[in-house]
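**Q** sequence and predicted structure are below.
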Amino acid sequence: MSASNPLVQMETSLGEIILELDIAKAPLSVANFIAYARAGHYEGTIFHRVIKGFMIQGGGMTAEMEEKPSGTPIKNEAGNGLKNKTGTLAMARTSEVDSATCQFFINTADNKSLDHGGSRPEVYGYAVFGKVVDGMDVVYAIEMKATTTVAGHADVPVEPVVITAMTVLD
């Protein structure tokens, strides 16, 4: 852990996760995530996409599966050298390379196919900007939740896993 890297405490309905953000390698993604956290955006959002052996995604949907408003998309920092390894935090996005806003995911496996260049050079990748430093047990508990399809969204936990607070630790 670096003294200059911000720490974020994520409180969920299943427990606490502590994240260390890599300000040096992903300054845009870190600033973006911190801005959403400080604005209270994440409170009341859920982990709305949970795939065993892959990742858990959250930060943009309410328990009613309504998308929360988000700001301007940021530049994709997937070329920063950080890899989508187990326990890393990355920006979620659409098929557009520079489309990440508020949604993020935590890798629950080594997902080389999500890295910059990945297994296919035409794939730009997903920007890793931090890692879980405490609370992987909570991440794995979320990953093990039974899922279903809701309002056209697959892999939604049957019992919502809610982010109740996201606090930047000074």
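**A** Cool, the structure landed. Small disclaimer: the values here were computed from a predicted structure and weren't measured. Residues are numbered from 1 along each chain as shown.

**Q** now do the strands in this protein.
**A** Secondary structure of the chain (DSSP state E): strands located at 7-12, 15-21, 45-51, 55-62, 88-91, 104-107, 128-134, 147-150, 153-157, 163-169.

**Q** turn these into TSV, columns for distance to Tyr140 and mean pLDDT.
**A** The C-beta positions use only the backbone N, C-alpha and C, and glycine is treated the same way. Formatted as TSV, those follow (distance: least, Cβ to Cβ, whole Å; pLDDT from 0 to 100):
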stretch	distance to Tyr140	mean pLDDT
strand 7-12	12	98
strand 15-21	11	98
strand 45-51	11	98
strand 55-62	9	98
strand 88-91	14	98
strand 104-107	10	98
strand 128-134	10	98
strand 147-150	15	96
strand 153-157	14	97
strand 163-169	17	98
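
**Q** Arg38 is nearest to which of these?
**A** Arg38 lies closest to strand 163-169 among the strands of the chain, at 6.1 Å (Cβ to Cβ).

**Q** the inter-axis angle of that closest one versus strand 7-12?
**A** Orientation check (axes from the mean of the first three to the mean of the last three Cα atoms, to 10 degrees): strand 163-169 against strand 7-12 gives 170 degrees.

**Q** alright, calling it a day.
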